[in-house]
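1. when you get a sec, could you give me coordinates for this:
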Amino acid sequence: MLSYDLTDEQEILRKTIRDFAENEVRPIAHELDEKEEFSVELTQKMAELGLFGMFVSEEYGGSQMGYVAYIIAVEELARVDGSTAATVAAGNSLGIGPIYYFGNEEQKRTYLPALCSTESDQFRLAGFGLTEPDAGSDAGGTRTKAVQKSRDWIVNGSKIFITNSANSLTLVNTVQAVTGTREDGRKEYTCFLVPADANGFRSVAMHGKLMWRASNTGELYFDDCQVPQSAMLGKRGEGFHQMLQTLDGGRLSIAAMGLGCAQGALDLALQYAQDRRQFGKPISKFQAISFKLADMATEVEAARGLLYKACWLREQHRPFEKEAAMAKLYCSEVARRAVHSAVQIHGGYGLMKEYDVERLYRDQRLLEVGEGTSEIQRLVIARRIGC
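-> Next up is the predicted model:
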């Protein structure tokens, strides 16, 4: 039976991550954002805290705390900074996820211990190479190809907007490529684990982003990149299925980022409204402001209920794809409304970089685009309800 009570362990986790976000992330978030600097040191600190591999079994180096605990961690980080939350969200759902759920025993033991490590000198990240310059929402438009040559595969093509894929911690990228044509005439997709040091592979960090400026985003290039047969993830032709399943889980983490962003905007707006005085009293006492805050609080609670239910379904091994799409859609759009109201409450100060709400306002924008746009989420939901 569904319970809305968190376990003692989950409550302790929330407090631990919130303290970390306030004491370790918030003091440097503005500077990292300004410099567009991905912090290896901060990422290693999050690894030491056990934020990578939270849903992975202890056998492979994870903490096996479960999906609800993982989502709470992402939510609490996003409450303070989107870039930091994105590093953890992508590192788990998109980096660790495909290897853990679809990899064979050798692949799991090769990569997961480093991806889940709590030792800073051993910890590494993984990327998820799906999006291409001409294949975004239409993942079936993938042009990157892999051709079998003797016992190896030769990969040619490129990927873009790949989180955690182009930094000194990156160990491997899961890459979808076209490997042939199926009997029905459609493309055959297969995924490969491409190490960062593979011959013919290079990654380039992307800059000039509106949001998540302190997260690592990369372009991947494959120029006769040679990988062995053992690099194939699962069986040949299973790539598209693997990618779709990975995105289902990834939507929960993006929803958590939306929820955290909305909660952060509410917290900042409430504090500002209580401190800011106009006409002899705090602006929180004016109905125009208090009603905005009441609406924000209501939507945040509704978003949390929807997301936590989707996570609970996943932990119970029940279908959760529809609920994941709903949570991603709703939480990201609640975040948009929340940051808009928070900036409005701050007035002119909300437009200044020295105020954290300005960064939240920018960081929110990707949530309605990444891991499937809001339009794609509505399409997924519509199909699930029989449209």
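2. how much space separates Gly61 from Ser83?
-> 25 Å (CB to CB, to the nearest Å). Using the backbone N, CA and C atoms, a C-beta is placed for each residue, glycine as well.
3. who has more neighbours, these two?
-> Between Gly61 and Ser83, Ser83 has the larger neighbour count (other CB atoms under 10 Å), namely 27 against 22.
4. looking at this, that one is in a helix?
-> Yes - assessed by DSSP: H, G, I helix; E, B strand; the rest coil, Ser83 belongs to a helix.
5. not counting sequence-adjacent ones, nearest residue to it?
-> Nearest residue to Ser83, sequence neighbours excluded (CB to CB, 6 or more residues apart in numbering): Ala214, at 3.7 Å.
6. mind checking the end-to-end distance for stretch 90-108?
-> 18 Å (CA to CA, to the nearest Å).
7. going forward, begin numbering at 21 instead of 1
-> That works, and once the first residue is 21, the last one we named lands at stretch 110-128.
8. neighbouring contacts of it?
-> Defining contact as CB atoms under 8 Å, 6 or more residues apart in numbering, one finds that stretch 110-128 is touched by 71-76, 80, 82, 90, 131-132, 135-136, 145-148, 183-184, 192, 194, 211, 213, 235, 250, 253-254, 258, 262, 265-266, 269-270, 272-273.
9. distance of the residue nearest to Ser103 from Ala362?
-> Going from Ala234 to Ala362 by CB to CB gives 20 Å.
10. tell me the centre residue of this structure?
-> With distances taken as CA atoms, centre = their mean, Ala109 lies nearest the centre of the chain, 3.4 Å away.
11. buried residues in the helix or strand in which Gln294 is found?
-> In this structure, Gln294 sits in helix 259-295 according to DSSP states H and E. For helix 259-295, burial by neighbour count (16 or more other CB atoms under 10 Å) applies to 259-260, 262-263, 265-290, 292-293.
12. following element in sequence after it, please.
-> strand 297-298.
13. now do that next one: which elements does it pack against?
-> Judged by 3 or more CB pairs under 8 Å, 6 or more residues apart in numbering; DSSP states H and E, strand 297-298 is in contact with no other helix or strand.
14. average pLDDT across that strand?
-> Mean pLDDT, strand 297-298: 96.
15. please apply the same query to stretch 388-398.
-> What stretch 388-398 shows for mean pLDDT is 93.
16. end-to-end on that stretch?
-> End-to-end distance (CA to CA), stretch 388-398: 11 Å.
17. what does that stretch rub up against?
-> 157, 267, 270-271, 273-274, 345-346, 348-349, 352-353, 356, 400.
18. what's the spacing between the residue lying farthest from the centre of the chain and Leu52?
-> Centroid-distance maximum for the chain: Gly300 at 43.8 Å, with CA atoms, centre = their mean. Noted for Gly300: a distance of 39 Å to Leu52, by CB to CB.
19. helices of this protein, start to end?
-> Assigned by DSSP state H, the helices in the chain fall at 28-40, 46-55, 60-68, 87-98, 102-109, 117-122, 125-135, 259-295, 307-335, 341-366, 376-384, 394-404.
20. single out the most deeply packed of those helices.
-> Among the helices of the chain, helix 102-109 has the highest mean neighbour count (mean count of other CB atoms under 10 Å), at a mean of 29.
21. show me what it is packed against.
-> Using 3+ CB pairs under 8 Å, 6+ apart: helix 102-109 touches helix 46-55, helix 60-68, helix 87-98, helix 259-295, helix 376-384.
22. how distant is stretch 390-400 from the center of its chain?
-> The gap between where stretch 390-400 is centred and where its chain is centred comes out at 15 Å by CA atoms, centre = their mean, to the nearest Å.
23. now swap in stretch 199-216 and tell me
-> Distance of stretch 199-216 from its chain centroid, counting by CA atoms, centre = their mean, is 25 Å.
24. how about stretch 249-268?
-> Distance of stretch 249-268 from the chain centroid (CA atoms, centre = their mean) equals 19 Å.
25. distance between the ends of that stretch?
-> 27 Å.
26. hmm, who's touching that stretch?
-> Contacts for stretch 249-268 (CB under 8 Å, 6+ apart): 113-114, 117-119, 121-124, 126-127, 148, 150, 159-160, 171-173, 194, 196-197, 199-200, 202, 208-215, 340-341, 344, 391-392.
27. any idea of the mean pLDDT for that stretch?
-> Stretch 249-268 comes out at a mean pLDDT of 94.
28. could you list the low-pLDDT ranges of the chain?
-> 21-24 (pLDDT under 70).
29. rerun that using 90 as the cut-off
-> Along the chain, segments meeting pLDDT under 90 span 21-26, 154-162, 170, 203-205, 264, 268-269, 390-392.
30. mind giving me the domain split of it?
-> Listed domain ranges for the chain are 28-143, 146-258, 261-404 (source: automatic domain parsing).
31. what's the spacing between the last one and its chain's center?
-> When you say that, I think you mean domain 261-404. Using CA atoms, centre = their mean, the offset of domain 261-404 from its chain centre is 14 Å.
32. and what of stretch 193-212?
-> The answer for stretch 193-212 is 24 Å, by CA atoms, centre = their mean.
33. now it - C-alpha only, PDB.
-> Extracted as PDB, the C-alpha positions of stretch 193-212 are listed here (Å, rounded to 0.1, in the frame of the first residue of the first chain):
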ATOM      1  CA  ASN A 193      30.000   6.900 -23.000                       C
ATOM      2  CA  THR A 194      27.000   4.700 -24.000                       C
ATOM      3  CA  VAL A 195      26.500   5.400 -27.700                       C
ATOM      4  CA  GLN A 196      23.600   4.500 -29.900                       C
ATOM      5  CA  ALA A 197      24.500   3.700 -33.500                       C
ATOM      6  CA  VAL A 198      22.800   2.400 -36.600                       C
ATOM      7  CA  THR A 199      24.100  -1.100 -37.200                       C
ATOM      8  CA  GLY A 200      21.900  -2.200 -40.100                       C
ATOM      9  CA  THR A 201      18.300  -2.600 -41.400                       C
ATOM     10  CA  ARG A 202      15.600  -4.700 -39.900                       C
ATOM     11  CA  GLU A 203      13.400  -7.000 -41.800                       C
ATOM     12  CA  ASP A 204      10.600  -4.400 -41.800                       C
ATOM     13  CA  GLY A 205      12.900  -1.900 -43.500                       C
ATOM     14  CA  ARG A 206      13.500   0.200 -40.400                       C
ATOM     15  CA  LYS A 207      16.900   1.000 -39.000                       C
ATOM     16  CA  GLU A 208      18.500  -1.300 -36.600                       C
ATOM     17  CA  TYR A 209      20.000   0.400 -33.500                       C
ATOM     18  CA  THR A 210      22.600  -1.000 -31.200                       C
ATOM     19  CA  CYS A 211      24.400   0.600 -28.200                       C
ATOM     20  CA  PHE A 212      28.100   0.400 -27.500                       C
END
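34. many thanks, we can stop here.
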